[in-house]
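Asks: need a 3D model of the following:
(6 chains)
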Protein chains: 6
Amino acid sequence: MRPSGRTPEQMRAVTIERNVAMKAEGSCLVSFGNTKVLCTASVETSLPGWLRGKGQGWVTAEYGMLPRATGSRTRREATAGKQSGRTQEIQRLIGRSLRAVVDLEALGEVQVTLDCDVLEADGGTRTASITGAYVALADAIEWMETRQLTRGKPLKDSVAAISCGIYRGTAVCDLDYLEDVEAHTDANFVMTGSGKFVEIQGTAEGAPFDRAELEALMGLAQNGIAELTQLQQTALLS
Amino acid sequence: MRPSGRTPEQMRAVTIERNVAMKAEGSCLVSFGNTKVLCTASVETSLPGWLRGKGQGWVTAEYGMLPRATGSRTRREATAGKQSGRTQEIQRLIGRSLRAVVDLEALGEVQVTLDCDVLEADGGTRTASITGAYVALADAIEWMETRQLTRGKPLKDSVAAISCGIYRGTAVCDLDYLEDVEAHTDANFVMTGSGKFVEIQGTAEGAPFDRAELEALMGLAQNGIAELTQLQQTALLS
Amino acid sequence: MRPSGRTPEQMRAVTIERNVAMKAEGSCLVSFGNTKVLCTASVETSLPGWLRGKGQGWVTAEYGMLPRATGSRTRREATAGKQSGRTQEIQRLIGRSLRAVVDLEALGEVQVTLDCDVLEADGGTRTASITGAYVALADAIEWMETRQLTRGKPLKDSVAAISCGIYRGTAVCDLDYLEDVEAHTDANFVMTGSGKFVEIQGTAEGAPFDRAELEALMGLAQNGIAELTQLQQTALLS
Amino acid sequence: MRPSGRTPEQMRAVTIERNVAMKAEGSCLVSFGNTKVLCTASVETSLPGWLRGKGQGWVTAEYGMLPRATGSRTRREATAGKQSGRTQEIQRLIGRSLRAVVDLEALGEVQVTLDCDVLEADGGTRTASITGAYVALADAIEWMETRQLTRGKPLKDSVAAISCGIYRGTAVCDLDYLEDVEAHTDANFVMTGSGKFVEIQGTAEGAPFDRAELEALMGLAQNGIAELTQLQQTALLS
Amino acid sequence: MRPSGRTPEQMRAVTIERNVAMKAEGSCLVSFGNTKVLCTASVETSLPGWLRGKGQGWVTAEYGMLPRATGSRTRREATAGKQSGRTQEIQRLIGRSLRAVVDLEALGEVQVTLDCDVLEADGGTRTASITGAYVALADAIEWMETRQLTRGKPLKDSVAAISCGIYRGTAVCDLDYLEDVEAHTDANFVMTGSGKFVEIQGTAEGAPFDRAELEALMGLAQNGIAELTQLQQTALLS
Amino acid sequence: MRPSGRTPEQMRAVTIERNVAMKAEGSCLVSFGNTKVLCTASVETSLPGWLRGKGQGWVTAEYGMLPRATGSRTRREATAGKQSGRTQEIQRLIGRSLRAVVDLEALGEVQVTLDCDVLEADGGTRTASITGAYVALADAIEWMETRQLTRGKPLKDSVAAISCGIYRGTAVCDLDYLEDVEAHTDANFVMTGSGKFVEIQGTAEGAPFDRAELEALMGLAQNGIAELTQLQQTALLS
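Replies: Numbers count the residues shown, from 1 in each chain, chains lettered A, B, ... in the order given. So this is what the prediction gives:
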């Protein structure tokens, strides 16, 4: 039995509210149950030095967490003087995931930065960030297209992410915090709307896992991602 | 004529929504027009080293701004590796302002940290932070009192803040961003509910100001703070 | 009774010794009693990036304190790896105060940096810094004018600063360290030679203050600044 | 055809030379072709603060690369002032992988640090690091057991790692640098000697990958890890 | 011919003014011509962790330079966020030099920190710092002895330092800035009052030097140090 | 009697193995007994800003130590966030020493960086680094000459270094770690193949030393350097 009473394949209630940041070219507030992430997409014409004059753009991401998104207060990274290894790992993952569905040449010589700031954390912040960042990105690209700032259609596909894990011996979908701390295996899947893998990260937190368990997690993830893809499309059409 | 069409003494619409952060002992989302700040109060039993064993508590504050709270993206301080001088100046001001209305001995040996994170910035973020932080602090102290964790009544008074300035020759109340960049004089007032000053910071951005202008700003501030005090009390009773 | 035996309106002995740093374009050693600050003005032709090509110059300030300027040794900021929030707040104040009396276009495309290094600290280091920095700046601008490096008369007025406070119930002028630690209200005033305000910073350290107290402090400040202005002019004529 | 002329399932020549660091409790130089990593295991009795008094030990890892391990000189991280996000991500992976085969309670209250320093880099440095670090760890634990410093048998299994990828449309095992920069999909597998997964990280560098491709990579990895496990055992028996 | 018109063996005018920092346990302003260094000695009862409980004290040094001690403004190290390699090298030298004449057990369990801050730089700042720091240290130790805080006589000898070099083919004593930038060989000698060496640092800036040149520099140094020792003693008796 | 049984003038076994780093323009592994340093020379066409357009090149050095080169694990500088003062002092010394034998104009507008990374530390790491770095530099310059990238013959002489010290009252050559910690005087000599001094650094660790002792150390050093010069030439001819 899951702490939330969900069935193994059941995700939390997922909502995506667009245009929450007045000044950003794209934005949304994405919620996976009690996990809430504010995602903004910022279009800038200044590229990182190593990309200038290469005839293409760039998509990157930064991740942060408000100090009291967590049960006890977490130290602010700006005060600590650096981003933790965990933060850097997550924002690199978000950036890679989004770039996988963008044609950087069609984007033109601009940089789009996805900022994913966690307002409330209850497990799955990185997968919620990717799922929401896609919506913010899609809006920012539409903003660019309206102004004829792109060189074609930069968006090749959609992308979403979900975490699955082995909780008390059962493969379950969309771990919340209580499940996450106890799960023996925790896997994050990033997949495109067309059902292909962009990234798989499976980690044995306790006992190593076998291939059958991995297959079970993959099955849950594929269904979950299909559902999230549908939610993204609905949100973008509203 | 003000860009927003307000009269000189008219503040923006101010709203205070409590209990927006599930895990914090106190929290609110405060809006002064399009300026929105998420304020949380965290109660912790670990005191800074220099205060331990002195029989009193501490109230401190940290301030941050999401990268896309602003018209063009601002660099994340966690990436830059340090808080800017402006950020430190603001969070020191918030901390001092709140401590002015707290009896630190009655608080007991705990530290309350007020985190003020700007979700949208349209001028007056520091004064909105102080005004909202008071509400979060009041809720956190009530949370403590309910659990009999204090040594008496720590709250001696309420506190709120407003910015006023000389815009195109006229003293106006509650500057928004458009007014702020153009104002010749910008002053922040922090006052208690009982009408006394906690902090005055008046700065000539262009031409120096004279005593008559300062008096005009003080008058506007006193009225504005009275209104804010009323809003805080209403919010805390709801 | 003040610890020093001074009357409420009496400042400490203030001296300004010019040309103490052989290599600087302007310099002075300013003393407010036992508070001693070495102020230098450096003229450089390299402007910060955001100002280049705008047809104007810039005036900025840095503040430091020798480790043993204080009763017990203070950690060196270069060793700590960063400037404290207090240091940054002070140097931002010094810079703003000086810019208030400079016509940046007339200055031409140069940057003048005021370095204020406290050799001995006995209260009022920021106000002594501003008062001394003006003299160093005036000398540096005269040095520029002699070489026809300006585009007109950059100095529009003089500027000086004083701290006042409520000490044991009485408003007193030019707080020394013993008074400063005990004062209930501490206010710094920066004013021009022509008697206008550039900056007011009033802080309730203990009990909030009322408007009558603020008026009393302003009165003391106006007299004190007039006296300091006279001392600056005398020093610059010697 | 692979640049090295290897068949798709063929690993590079892998060698493990033990006891190369005189002073470490365990050490080896591991080579995967031209990739060479010096791995040392250091046993220390000081635990990180959050683990003290919990009746268990800890295993952690740090990763570094000599500046000229690469084709053009890479900036030294000690000079840059911080470890890159990539470095932190790798050393977190190494630590997690090793902890998966250690019984931390049986280890006793000590910390074992695995230092993996890349002397030459030709692709696959993180997987070589994990494979070598296991050998250094096994030697360090034997060193401890000889001195009766453990509370039982800390080593539960062995662990090794390999990278596989889709190179020009074919799934290949143990990517070298030339293959790595061109591969469309790159996956790192960490597995135990008993054939279970500790970690899977698959990333689409260009086009997303499908489940059949993932299955092919897993098959190659399982064979490769079996071979590496054999090499580890042989090395530890020599 | 030396730029200053001095003979090869002639030092600049050296003056040592004691008790210039009111709050320090020992202090002096030392001048070697236009090079001026403020030296303070601070006695603290907190020892670095690795020395606690070892029954001895410690003597350490920190070095700094005011931004405008130099011909063009030097960046403040507190702003840069770290001490330069040169600064660290100098302060390590000062600390070692002073420790060479102190009996650390007789000192008792205290730390004496020598702060050497260069007010004006015209060559030889590190040797002036050592020479002045000895006087500040002697005063601080006398301050301790008066209060019976030592365990005997901590000062075993005096110590002073001088730079010599090969300037235009001639060995000269006490290089000033103009000589320093041009000298082919630059050597710093730290010697005790009893004529023994504490430290020799000879560097070929251009052409390597031979033994005869080194002997000539040593001869000059021995005479110069004897003169400085006399000046230190005179200063300490005044 | 020396711990190693060596005679006072006897160096440890010194070996120099060239071309150990496949990708570097020059490299060697130098051993002084159990001290082992990997030296690489990297040729880069990007010069530091202050040297551009001056018609000359630059030679610089960086020094590092693997965490377990030492008896107990040393903290990694990349983790600590900065290079220690000791590291910076050593790498400045290596750079100066190598530049003393290079004609920077003949080198052309390139920068050669010598990276000296200590794999095992048993005393004398800085002198081994200099001795090995020369060999790596000579190979890199020959690599450049083969490609006609220089403007003449950049190498003016060879350079090597040795440490000598007073160990239990006797002057001995090439201190190992056990001798180093106990030696009363420790001196590092950097000399050219033609027998001239590039750098002398003599430090009294305990009692100050006199001129006779210094002469004895110099005599040992001259013989040792002659031997090292021979070994360098043999290595470069092999």
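Asks: can we go C-alpha only for contacts and neighbour counts from here?
Replies: Will do.
Asks: tell me which helix or strand A:Leu217 sits in.
Replies: helix A:211-237 (DSSP states H and E).
Asks: in that helix, what's buried?
Replies: Neighbour counts over helix A:211-237 (16 or more other Cα atoms under 10 Å in any protein chain shown) mark A:213-214, A:216-218, A:220-226, A:228-229, A:231-232 as buried.
Asks: restrict those residues to those near chain F?
Replies: When Cα under 8 Å from any Cα of the partner chain is applied, no member of those is adjacent to chain F.
Asks: wait, which of those residues is closest to chain B?
Replies: Distance to chain B across those (Cα to the nearest Cα) is lowest for A:Gln232, with 21.9 Å.
Asks: what secondary structure does the closest residue to the closest one other than its chain neighbours sit in?
Replies: Of all residues not flanking A:Gln232 in the chain, A:Val135 sits nearest, at 6.5 Å (Cα to Cα, 6 or more residues apart in numbering or on different chains). At A:Val135 the chain is in helix, as set by DSSP: H, G, I helix; E, B strand; the rest coil.
Asks: now do the helices in chain A.
Replies: Applying DSSP state H to chain A gives helices spanning A:77-80, A:85-99, A:104-107, A:125-146, A:177-182, A:211-237.
Asks: as CSV, those helices with distance to F:Ala21 would be great.
Replies: Listed next are these as CSV, based on distance: least, Cα to Cα, whole Å:
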stretch, distance to F:Ala21
helix A:77-80, 38
helix A:85-99, 30
helix A:104-107, 37
helix A:125-146, 40
helix A:177-182, 45
helix A:211-237, 40
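Asks: any chance of JSON lines for those helices, columns mean pLDDT?
Replies: Shown next, in JSON lines, are the helices of chain A (pLDDT from 0 to 100):
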{"stretch": "helix A:77-80", "mean pLDDT": "93"}
{"stretch": "helix A:85-99", "mean pLDDT": "96"}
{"stretch": "helix A:104-107", "mean pLDDT": "96"}
{"stretch": "helix A:125-146", "mean pLDDT": "98"}
{"stretch": "helix A:177-182", "mean pLDDT": "95"}
{"stretch": "helix A:211-237", "mean pLDDT": "97"}
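Asks: if we compare the ones you listed, which one ends up closest to D:Gly108?
Replies: helix A:177-182 (23.1 Å; Cα to Cα).
Asks: ok, so of the buried residues of helix A:211-237, who is nearest chain E?
Replies: Of all the buried residues of helix A:211-237, chain E sits closest to A:Gln232, with 45.0 Å by Cα to the nearest Cα.
Asks: got a list of what that closest one touches?
Replies: When contacts are counted by Cα atoms under 8 Å, 6 or more residues apart in numbering or on different chains, A:Gln232 is found next to A:16, A:131, A:135.
Asks: and the residue of chain A found nearest chain C, how far is that from chain D?
Replies: Closest contact between chain A and chain C, by Cα to the nearest Cα, is at A:Gly81 (10.4 Å). Distance of A:Gly81 to chain D, computed by Cα to the nearest Cα, to the nearest Å: 11 Å.
Asks: tally of neighbours for that residue?
Replies: For A:Gly81, the tally of surrounding residues (other Cα atoms under 10 Å in any protein chain shown) stands at 15.
Asks: any chance of the backbone angles for the nearest residue to it once chain neighbours are set aside?
Replies: In space, and not counting its chain neighbours, A:Gly81 is closest to B:Gly81: 4.4 Å by Cα to Cα, 6+ apart. When read as degrees, to the nearest 10, the backbone of B:Gly81 gives phi 90, psi 0.
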